[in-house]
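Novice: A predicted structure for the sequence below; I have some questions about it.
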Amino acid sequence: LKLSGTDIGREGGEAMVEALSVNKSLQVLDMSRNELDDHVITKLARSLKQNKTLRQLSLRSNSFSAIGAICLSFALYDSANLQTVLECNHTLQYLDIGSNRLSRDCIKRTQKALRWNNLSNTENEVIRKKVPFFLLESECNCLCFIDHFKDKTIALDNTTVQHLLPNILWSVNNSTTVLYYMLKNLAVDSIIANSCPGVMPSVV
């Protein structure tokens, strides 16, 4: 869908962004040269987390700043916790944000967040790349996945969790470094349990 230079403005941009969050077929979207500001781009970033089909997006020559670019980066990879990693967009592979009010470093940061999506053509395989990186980056206890969800009350029978859990487990099983941290934490928990019987191990 090519909307380049159509002067859709903020109202048209918001309408397009809202539609994108529920669209299940659009793969290429060109919204360049439309004076889209941070307000629209911030909403676009939220919609990208809901979209699972868009592959190419051009936002070139608009009017957004680093604020909008940062929101786009977090839509692609947010390492705040495991839940935010899983809720990111895993399908967008091309993003053009050139010729906006952005520094070269800001553009590089956004492209760096996008790099994971370019490692594979399927959502599941991209998740399998992102999860080990997050686990290693945070040096977390790999068995305590629930501790890395923002919402601690999330139910394991939740449809989203059921869909993603196999990919999480696959990621752990296929990364020797992650397994090293897992075994290390198991050993630490064992020592704590033996030394302090009243303390519950962290492994669940």
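Specialist: Here it is on my side, so go on.
Novice: Which residue ranges of this structure form helices?
Specialist: 9-20, 38-48, 66-76, 82-86, 104-114, 123-138, 159-173, 176-195 (DSSP state H).
Novice: now the first one and helix 38-48, what's the angle there?
Specialist: What it means is helix 9-20. Relative orientation of helix 9-20 and helix 38-48, computed by axes from the mean of the first three to the mean of the last three Cα atoms, to 10 degrees: 10 degrees.
Novice: How about the fifth one?
Specialist: Helix 104-114 and helix 38-48 are oriented at 20 degrees to each other (the same axes, to 10 degrees).
Novice: all numbers from here: first residue = 869
Specialist: Happy to do that; since the first residue is 869 now, the last one works out to helix 972-982.
Novice: Quick one: mean pLDDT over helix 972-982.
Specialist: The average pLDDT for helix 972-982 rounds to 93.
Novice: for that helix, which positions count as buried?
Specialist: 974, 975, 977, 978, 981, 982 (16 or more other Cβ atoms under 10 Å). In short, each C-beta sits where N, CA and C put it, glycine included.
Novice: residues in contact with the second one?
Specialist: Okay, so that is residue 975. Contact partners of residue 975, counting by Cβ atoms under 8 Å, 6 or more residues apart in numbering, are 937, 965, 966.
Novice: For burial, what's the neighbour tally of the nearest residue in space to residue 1005 that is not next to it in sequence?
Specialist: The spatially closest residue to residue 1005, leaving aside those adjacent along the chain, is residue 947, at 6.3 Å (Cβ to Cβ, 6 or more residues apart in numbering). Per other Cβ atoms under 10 Å, the neighbour tally for residue 947 reads 15.
Novice: returning to what we had before: can you lay out the buried residues of helix 972-982 as JSON lines showing distance to residue 888?
Specialist: JSON lines is the format used below for these (distance: Cβ to Cβ, whole Å):
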{"residue": "974", "distance to residue 888": "23"}
{"residue": "975", "distance to residue 888": "22"}
{"residue": "977", "distance to residue 888": "23"}
{"residue": "978", "distance to residue 888": "18"}
{"residue": "981", "distance to residue 888": "18"}
{"residue": "982", "distance to residue 888": "17"}
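Novice: From the residues you listed, pick the one nearest residue 1000.
Specialist: Residue 1000 has its nearest neighbour among the buried residues of helix 972-982 in residue 981, at 16.5 Å by Cβ to Cβ.
Novice: distance of the closest one from residue 886?
Specialist: For residue 981, the distance to residue 886 equals 23 Å [Cβ to Cβ, to the nearest Å].
Novice: Where does pLDDT dip in the protein?
Specialist: For the chain, residues meeting the criterion pLDDT under 70 lie at 1007-1072.
Novice: if we go to 50?
Specialist: Residues of the chain that meet the criterion pLDDT under 50 lie in 1009-1014, 1016-1018, 1020-1027, 1067-1072.
Novice: Thought residue 953 was touching the residue nearest to residue 1005, still the case?
Specialist: Yes. The criterion here is Cβ atoms under 8 Å, and residue 947 meets it with residue 953 at 6.2 Å.
Novice: Common neighbours of those two, please.
Specialist: Any residue near both residue 947 and residue 953 by Cβ under 8 Å, 6+ apart counts here, and that gives residue 1002.
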